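In: What would the 3D arrangement of this be:
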Amino acid sequence: MGYDVHITRRTPWWEDEGEQITTQEWAAVVAADPELEMVQVARVSPRGQDAVLEYRHEWLAQMVTTQNGTLTAPGWTGERGRSW
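Out: Numbering: from 1, shown residues only. Alright, predicted model coming up:
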């Protein structure tokens, strides 16, 4: 299961014009939240297929959860900044 979260200052959010969030602001939010990690690449293999779908973006972040003090995320190797 997956979902997209769009963080914006625009009203309505889908409009192309309006106040922007800077790269520096977003990086500071992610750095300040221990449950977020910048990854720049998201990969998924559709169930039952050998194909790998990939999405790249400089602002891409993923949620990281903690279990017994250990950071975990789907497909995470334990290296900071990597999602596979």
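
In: contacts and neighbour counts: CA atoms only from here.
Out: OK.

In: Next up, phi/psi of V29, please.
Out: phi -60, psi -50 (degrees, to the nearest 10).

In: now stretch 32-49, how far from the centre of its chain.
Out: The chain centre lies 6 Å from the centre of stretch 32-49; the measure is C-alpha atoms, centre = their mean, to the nearest Å.

In: Just the buried positions in that stretch, please.
Out: For stretch 32-49, a neighbour-count test (16 or more other C-alpha atoms under 10 Å) marks L36, E37, M38, V39, Q40, V41, A42 as buried.

In: Which of those fall within strands?
Out: L36, E37, M38, V41, A42 (DSSP state E).

In: Mind putting those into CSV with pLDDT and distance to A61?
Out: What follows is those, written out as CSV (pLDDT from 0 to 100; distance: C-alpha to C-alpha, whole Å):
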residue, pLDDT, distance to A61
L36, 86, 6
E37, 87, 5
M38, 87, 4
V41, 85, 9
A42, 80, 9
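
In: what's the pLDDT at the spatially most central residue of the chain?
Out: By C-alpha atoms, centre = their mean, the chain has its centre lying nearest to A61, at 2.1 Å. A61 is assigned a pLDDT of 85 by the prediction.
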